[in-house]
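Q: Okay, predicted coordinates and the sequence, questions at the end:
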Amino acid sequence: MSQRGHRAAGRGAVFVEYGQVEMLRFTIIPVTPYQQNCSVLWCSRTKRAAVVDPGGDLERIKQLIDSQGLVVERILITHGHLDHAGGAAALAEQLAVPIEGPHPEDRFWIDMLPEQGRMMGFAGQAFTPQRWLEDGDTVDVGEMRLEVLHCPGHTPGHVVFFQPEWRLAAVGDVLFAGSIGRTDLPGGDHRALLHAIRTKLWPLGDDVRFIPGHGPMSTFGDERKSNPFVGEGSA
Ligand SMILES: [Zn+2]
Ligand SMILES: [Zn+2]
């Protein structure tokens with residue numbers, strides 16, 4: 001869809017063509033007792049979609065897909081914790097789509113999904129992704145391309161997905177509005193997490209909006225300035 005506007009400039013008229021300004025659409029669906037932000041990202045031109053971190057509550061995710069008339073191409077996983085990855089295998093089977101991510105260093109978390117489920121009180125199914133992701137990989141969603149950044153620290157194989165044109169990132173449990181991911185679980189590394197945020201996320205730009213794994217959205221700029229754990233005022 002396009003609109004054409006014009007305005008007078010001197011004696012002539014300047015025509016301004018307005019293209020599509022929002023090719024990337026997304027909806028956040030908090031899932032599981034942990035209110036984990038599953039997100040559905042889609043390309044508005046093609047209605048092709050990716051589901052990021054379907055930890056559970058698959059019926060609600062599928063309702064959104066159906067109501068928007070989306071064709072899901074793939075499931076993307078930021079890291080192997082239950083609230084992010086527990087529903088991936090079932091959703092992949094139901095939609096007949098591949099699972100991509102996380103980085104292979106999270107394999108032990110994925111293998112432990114059933115055990116995580118027993119401890120946390122809701123179901124998680126182990127799987128082997130069709131594609132493990134490495135830093136610098138890309139994944140396509142319709143006509144858009146997402147860049148993959150390996151950001152270890154919360155888990156060793158955590159990845160972040162970044163869409164450069166539309167300035168949006170899905171960061172899982174790396175960074176939150178006003179906080180950062182916990183690092184006291186197996187494979188956690190506080191220094192690595194701070195390093196990843198400072199060297200991988202901040203350089204993407206202050207204007208980048210991000211979907212965190214839990215809680216409200218924010219921008220890298222706001223967090224770089226004021227986040228008490230990794231912002232400019234922190235140690
Ligand atoms: Zn996590
Ligand atoms: Zn989480």
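A: Thanks, I have the structure now. Residues are numbered from 1 along each chain as shown. Ligands and ions are numbered 1, 2, ... in the order given.

Q: Could you list the contact residues of the protein toward ligand 1?
A: Contact residues (C-beta under 5 Å from the ion) of the chain with ligand 1: 81, 173. C-beta coordinates here come from the backbone N, C-alpha and C atoms, glycine included.

Q: so where do the helices sit in the protein?
A: Assigned by DSSP state H, the helices in the chain fall at 58-67, 82-85, 88-95, 107-111, 113-120, 190-196, 220-226.

Q: got JSON lines for those, with mean neighbour count and distance to H214 too?
A: Formatted as JSON lines, these follow (neighbours: other C-beta atoms under 10 Å; distance: least, C-beta to C-beta, whole Å):
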{"stretch": "helix 58-67", "mean neighbour count": "15", "distance to H214": "17"}
{"stretch": "helix 82-85", "mean neighbour count": "28", "distance to H214": "8"}
{"stretch": "helix 88-95", "mean neighbour count": "19", "distance to H214": "18"}
{"stretch": "helix 107-111", "mean neighbour count": "19", "distance to H214": "17"}
{"stretch": "helix 113-120", "mean neighbour count": "15", "distance to H214": "14"}
{"stretch": "helix 190-196", "mean neighbour count": "17", "distance to H214": "15"}
{"stretch": "helix 220-226", "mean neighbour count": "18", "distance to H214": "14"}
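
Q: Which of these sits closest to C151?
A: Taking C-beta to C-beta, helix 190-196 is the member of these nearest to C151, at 3.9 Å.

Q: Could you export that closest one as PDB, CA atoms only?
A: Provided in PDB are the C-alpha atoms of helix 190-196 (Å, rounded to 0.1, in the frame of the first residue of the first chain):
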ATOM      1  CA  HIS A 190      28.400 -12.400  34.900                       C
ATOM      2  CA  ARG A 191      31.500 -10.900  33.300                       C
ATOM      3  CA  ALA A 192      30.800 -12.500  29.900                       C
ATOM      4  CA  LEU A 193      27.200 -11.100  30.100                       C
ATOM      5  CA  LEU A 194      28.400  -7.600  30.700                       C
ATOM      6  CA  HIS A 195      31.000  -7.900  28.000                       C
ATOM      7  CA  ALA A 196      28.400  -9.200  25.500                       C
END
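
Q: Need the helices of the chain in a markdown table (columns: mean pLDDT).
A: Compiled in a markdown table, these are given as follows (pLDDT from 0 to 100):
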| stretch | mean pLDDT |
| --- | --- |
| helix 58-67 | 98 |
| helix 82-85 | 98 |
| helix 88-95 | 98 |
| helix 107-111 | 98 |
| helix 113-120 | 94 |
| helix 190-196 | 98 |
| helix 220-226 | 98 |
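
Q: Figure out which of those is closest to ligand 2.
A: Minimum separation from ligand 2 across the helices of the chain (C-beta to the ion) falls at helix 82-85, 4.6 Å.

Q: Which strands or helices does that closest one pack on?
A: For helix 82-85, the packing partners by 3 or more C-beta pairs under 8 Å, 6 or more residues apart in numbering; DSSP states H and E come out as helix 113-120.

Q: returning to what we had before: wait, which of the helices of the chain is closest to M23?
A: Smallest distance to M23 across those (C-beta to C-beta): 18.3 Å, for helix 58-67.
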